[in-house]
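*Asks:* Next comes the sequence, and after it the predicted model I'd like to discuss.
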Amino acid sequence: MDILLFIVLLVLFIINVPIAVALSMTAVIFFTIQGNVPLVAILQRMFNSVDSFPLLAIPFFILAGKLMESGGISQRLIHLAEVMLGRVKGGLALVSVVSCAFFAALSGSAAATTAAVGAIMIPAMVKKGYDKNFSTAIQATGGTVGVIIPPSVPLVLFGVTAGVSISDLFIAGIVPGIFIVMLLMILVYVISLMKGYGGGEKHSVKELLVALKDSILALMMPVIILGGIYSGFFTATEAALVAVVYGLIVGVFIYREIKLKDLFEIFSSSMLMSATILYIIAGASIFAYYLTRERIPMEITEALLSLTDNWIIALLIINVILLVVGTFMETAAAILILTPILAPVASALGMDLVHFGIIMIVNLAIGYITPPVGLNLFVANKIAGTKFEGVMKAIIPFVCVMIIGVLIISFIPQLSLFLVK
């Protein structure tokens, strides 16, 4: 029955049944076959799964990201990065990566980071003589840090599902996020040297100060959010609302990039995205409930630990599972399905669940740049207008570097935990 459960779920995914429907439908079918859980109890559990104060952070962070994307924040951050790094060999490519890191600290979304920065940087890089496929690959990969550097919607999902402090997860994501950015910058610099991509014009100290002054309000947002969480002044959920208010004030009244007519589109698109995620959470909660009742997570834990008593090999197996699933499944669904299964395994191995959460998110982030899901790939490809085959070839070194990064993060837990501790 356990094997049949996953076969049914896989078939529903293959025939393109929406993820939330597939998860809930599979669970309802098997509960009905067993006949030991009334349908009203299933509906109650679905409602209770989204009736959660910490989950309020998701719609608010999504809305804050939309406000920042529309409020002129991305242009100012990109200009600051260009003034800082534009004259270095491969400068525009480095600017693209750093701009993604800046915007990731505001948006919490990989696709939003790719779209906001890519719309500006890809045309600029192509104009300066960079290969279009290379430019697209940089932007797609750079966008993945949007789910690693806090605030991050996937980190909120993991925290709620695993019962782990979201504040701790946010703090734990800072250093791994910066570490991934540094690895990407090294790769971009090496490729730029090999391809002969030149730097831009040299900027004066005065220009740097002007760019810094112009973007100071954008840079203050992550400082306010993370500073407030770290100091205990407010929770991660309250920080999300603070981010919305801050984004509204900056975008509407200070930068004046957001007009009143734009607010309807910003709010409606945020509502739609939030509803989609919450529906997936409701569907996944029923699926996880069935798994727990049938002791499937415990059986998987025992089976995995019976294969090896070496924690290094066990952790490698977990990483492979996460990489494969991330390639084929949307991130939110993967977190909600795999967390109840793999978190007990991680605990049995003696891992800190905060560290495990970072490992899971970085692994699944790689799925944003690998087909068939590869959301960032499709977003960047649409912006650049490139052929998908060419981008796939250019993305291979970036995928390799990301895998190296996740292995280092996996086996050096201090990267994730020393700020938390």
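*Replies:* Thanks, I have the structure now. Numbering: from 1, shown residues only.

*Asks:* In the protein, which helix is the longest?
*Replies:* Identified as the longest helix of the chain according to DSSP state H is helix 260-293.

*Asks:* could you give me the average pLDDT of stretch 183-201?
*Replies:* Across stretch 183-201, pLDDT averages out at 86.

*Asks:* that older thread, return the angle between stretch directions for the next helix or strand after the longest helix of the chain and helix 260-293.
*Replies:* Following helix 260-293 in sequence order, the next helix or strand is helix 296-307 (DSSP states H and E). Comparing the axes of helix 296-307 and helix 260-293 via axes from the mean of the first three to the mean of the last three Cα atoms, to 10 degrees yields an angle of 70 degrees.

*Asks:* list the buried ones in helix 296-307?
*Replies:* For helix 296-307, burial by neighbour count (16 or more other Cβ atoms under 10 Å) applies to Ile296, Pro297, Ile300, Thr301, Leu304. Just so you know, the C-beta spots here come from the backbone N, C-alpha and C atoms, and that holds for glycine as well.

*Asks:* before we move on, what about stretch 154-164?
*Replies:* For stretch 154-164, the neighbour count (16+ other Cβ under 10 Å) marks Pro154, Leu155, Val156, Leu157, Phe158, Gly159, Val160, Thr161, Ala162, Val164 as buried.

*Asks:* Make a markdown table out of those residues and add secondary structure.
*Replies:* Compiled in a markdown table, these are given as follows (DSSP: H, G, I helix; E, B strand; the rest coil):
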| residue | secondary structure |
| --- | --- |
| Pro154 | helix |
| Leu155 | helix |
| Val156 | helix |
| Leu157 | helix |
| Phe158 | helix |
| Gly159 | helix |
| Val160 | helix |
| Thr161 | helix |
| Ala162 | helix |
| Val164 | coil |
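
*Asks:* Any chance of a markdown table for those, columns distance to Ala119 and pLDDT?
*Replies:* Output for these, formatted as a markdown table (distance: Cβ to Cβ, whole Å; pLDDT from 0 to 100):
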| residue | distance to Ala119 | pLDDT |
| --- | --- | --- |
| Pro154 | 23 | 92 |
| Leu155 | 25 | 93 |
| Val156 | 26 | 92 |
| Leu157 | 27 | 92 |
| Phe158 | 29 | 95 |
| Gly159 | 31 | 94 |
| Val160 | 32 | 91 |
| Thr161 | 33 | 90 |
| Ala162 | 35 | 92 |
| Val164 | 35 | 93 |
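
*Asks:* Looking at those residues, which is nearest Phe378?
*Replies:* Using Cβ to Cβ, Pro154 comes nearest to Phe378 of those, at 18.3 Å.

*Asks:* can you tell me how far that closest one sits from Leu80?
*Replies:* For Pro154, the distance to Leu80 equals 27 Å [Cβ to Cβ, to the nearest Å].

*Asks:* What is the burial count for Gly143?
*Replies:* Residues near Gly143, counting by other Cβ atoms under 10 Å, number 32.

*Asks:* Was I right to think it contacts Asn376?
*Replies:* Yes. In this structure, Gly143 is within contact of Asn376 by Cβ atoms under 8 Å, at 4.6 Å.

*Asks:* Between the two, which contacts overlap?
*Replies:* Ala110, Ala111, Thr114, Tyr368 (Cβ atoms under 8 Å, 6 or more residues apart in numbering).

*Asks:* what's the distance between the third one and Lys132?
*Replies:* In this case it means Thr114. Taking Cβ to Cβ, one finds Thr114 at 15 Å from Lys132.

*Asks:* More neighbours: these two, which one.
*Replies:* Shown here are Thr114 and Lys132; by other Cβ under 10 Å, Thr114 has more neighbours (32 against 18).

*Asks:* Would you check that my belief about that one contacting Gln139 is correct?
*Replies:* Yes. Counting by Cβ under 8 Å, Gln139 is a contact partner of Thr114 at 5.8 Å.

*Asks:* Mutual contacts of those two, please.
*Replies:* Counting by Cβ under 8 Å, 6+ apart, the contacts common to Thr114 and Gln139 are Cys100, Asn376, Ala380.

*Asks:* Please spell out which residues along the longest helix of the chain are buried.
*Replies:* For helix 260-293, by 16+ other Cβ under 10 Å, it's 262-263, 266, 270, 273-274, 277-291.

*Asks:* Repeat that for stretch 60-70.
*Replies:* Using 16+ other Cβ under 10 Å as the test for burial, stretch 60-70 gives Phe60, Phe61, Ile62, Leu63, Ala64, Gly65, Lys66, Leu67, Met68, Glu69, Ser70.

*Asks:* what do you get for stretch 36-52?
*Replies:* Neighbour-count burial for stretch 36-52 flags Val37, Ile42, Arg45, Met46, Ser49, Val50 (criterion: 16+ other Cβ under 10 Å).

*Asks:* can you check stretch 392-400 too?
*Replies:* Using 16+ other Cβ under 10 Å as the burial criterion, the residues of stretch 392-400 that qualify are Met392, Ala394, Ile395, Pro397, Phe398, Val399.

*Asks:* export it as CSV, just CAs?
*Replies:* Only the C-alpha atoms of stretch 392-400 are listed here, as CSV (Å, rounded to 0.1, in the frame of the first residue of the first chain):
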residue,chain,number,x,y,z
MET,A,392,21.3,24.2,-20.8
LYS,A,393,24.9,23.9,-21.9
ALA,A,394,25.9,27.2,-20.2
ILE,A,395,24.1,26.3,-16.9
ILE,A,396,26.2,23.0,-16.3
PRO,A,397,29.2,24.7,-14.6
PHE,A,398,26.8,26.6,-12.3
VAL,A,399,24.9,23.5,-11.3
CYS,A,400,28.2,21.8,-10.5
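
*Asks:* Please list the outside residues in contact with it.
*Replies:* For stretch 392-400, the surrounding residues in contact (Cβ under 8 Å, 6+ apart) are 131, 133-134, 136-138, 140-141, 184, 187, 191, 366, 369-371, 377.
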